[in-house]
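1. Sharing a model prediction with you, sequence too.
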Amino acid sequence: MRAVSAVETTATTHAWAIHAEGLQVRAGRHLAVNGLDLTLTTGVHGLLGPNGAGKTTLMRALATVLAPAGGRLTLLGHPVDGRADLRPVRRTLGYLPQHFGYYPRFTVREFVGYMAWLKEMPKAGIPAAVQRAVDRVGLAAKADARLKTLSGGMLRRAGIAQAIVNDPRLLLLDEPTVGLDPEQRLDFRELLRDLGTDSCVLVSTHLVEDVAAACTDVVLVDEGRLVWQGSPEVLAAQGDQGHAGDSPAERGYSAILRQHRAEGGR
Ligand SMILES: Nc1ncnc2c1ncn2[C@@H]1O[C@H](COP(=O)(O)OP(=O)(O)OP(=O)(O)O)[C@@H](O)[C@H]1O
């Protein structure tokens with residue numbers, strides 16, 4: 001198993017979409033992210049970890065919704081601390097929260113357009129950007145349907161459309177495949193690969209198979225810290241038939257977590 005070493009701190013931060021050192025983030029009073037080191041560049045990164053590992057809390061901090069409680073965080077070359085102006089980061093960020101609020105009477109087009117406006121996109125380019133985002137998630141036929149009439153899977157896709165409408169350089173997707181049927185999940189994997197060619201995409205999911213199929217890199221967290229980082233192929237090579245899971249990737253995931261915990265979680 002590849003050990004996680006301390007991140008290099010001497011290189012320029014601008015090549016990195018995400019650079020965290022000893023990051024701490026609170027969820028309520030609890031430090032749900034507690035001493036996390038992570039460096040990510042262009043590509044599709046799958047964020048895995050057991051329930052309560054801190055994935056959603058980490059995503060919220062990377063989306064600048066939660067402020068770090070300690071450590072250092074740099075997004076797209078911009079330090080994120082109490083003093084920084086976060087608008088330049090937010091303009092180039094896309095975020096699908098685990099649970100997102102929406103106005104039920106908005107149509108898909110209105111909702112995605114409204115989010116584009118919030119991201120301060122130039123007004124003249126918004127209609128075309130909305131159409132492109134809606135097309136990319138396969139919702140063109142529902143573009144003028146009200147959100148309250150959509151199925152759970154369609155709503156999720158509307159959520160993905162708002163996240164990608166501004167062609168984000170950093171895209172954060174928290175459980176994007178919840179509610180998608182098998183065919184839509186395959187389409188979504190294609191979209192992910194496409195998005196990851198020139199952006200940094202971080203996808204939190206419990207579906208290890210989605211990660212194995214669509215990600216260039218796997219980030220495994222437990223108890224608010226980075227446990228392991230590597231390619232899906234190397235992840236799959238970690239397990240054997242003695243480990244829990246239906247596929248090599250799932251067994252690799254189980255093997256890494258088991259070993260990490262056997263070593264005392266550090
Ligand atoms: N508002 C809160 N107040 C107190 N503790 C919280 C709060 N939100 C989350 N937690 C705790 O923080 C830890 C991390 O939660 P988080 O939702 O980030 O984990 P997760 O990896 O996304 O979990 P899951 O896979 O179940 O979605 C958990 O122990 C959770 O109980």
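-> Alright, I've got the coordinates.

2. Any regions of the chain where pLDDT drops low?
-> Filtered on pLDDT under 70, the chain yields the residue ranges 1-14, 266.

3. Would you mind giving the domain segments of it?
-> The chain breaks down into these domains under automatic domain parsing: 38-86+169-266, 93-167.

4. Same list, those, but as TSV with mean neighbour count and distance to Ala15 please.
-> Every residue, glycine included, has its C-beta placed from N, CA and C. Shown next, in TSV, are the domains of the chain (neighbours: other CB atoms under 10 Å; distance: least, CB to CB, whole Å):
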stretch	mean neighbour count	distance to Ala15
domain 38-86+169-266	19	6
domain 93-167	18	18
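
5. With respect to the ligand, which of those lies nearest?
-> With CB to the nearest ligand atom as the criterion, the ligand lies closest to domain 38-86+169-266 of the domains of the chain, at 3.3 Å.

6. Please tell me how far the residue of the chain found nearest the ligand sits from Leu66.
-> Nearest residue of the chain to the ligand: Gly28, at 2.2 Å (CB to the nearest ligand atom). Separation of Gly28 from Leu66 (CB to CB, to the nearest Å): 11 Å.

7. Tell me which stretches of this protein form helices.
-> 55-62, 87-91, 108-118, 126-136, 152-164, 182-195, 208-214, 232-236, 248-262 (DSSP state H).

8. Need these in CSV (columns: distance to the ligand).
-> Shown next, in CSV, are those (distance: least, CB to the nearest ligand atom, whole Å):
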stretch, distance to the ligand
helix 55-62, 3
helix 87-91, 21
helix 108-118, 23
helix 126-136, 26
helix 152-164, 15
helix 182-195, 18
helix 208-214, 13
helix 232-236, 18
helix 248-262, 13
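
9. do you know which of these lies nearest Val221?
-> Nearest to Val221 among these is helix 55-62 (6.3 Å), distances taken as CB to CB.

10. who touches the closest one?
-> Outside of helix 55-62, the residues within contact range by CB atoms under 8 Å, 6 or more residues apart in numbering are 18, 23, 25-27, 32-33, 36, 47-49, 66-68, 73, 75, 80, 95, 97-98, 170, 172, 174, 202, 204, 221, 224.

11. Which of those fall within strands?
-> 18, 23, 25-27, 32-33, 36, 47-48, 73, 75, 95, 170, 172, 174, 202, 204, 221 (DSSP state E).

12. List, one by one, the residues from the stretch 1-150 of the chain near the ligand.
-> Ala27, Gly28, His30, Ala32, Gly49, Asn51, Gly52, Ala53, Gly54, Lys55, Thr56, Thr57 (CB under 6 Å from any ligand atom).
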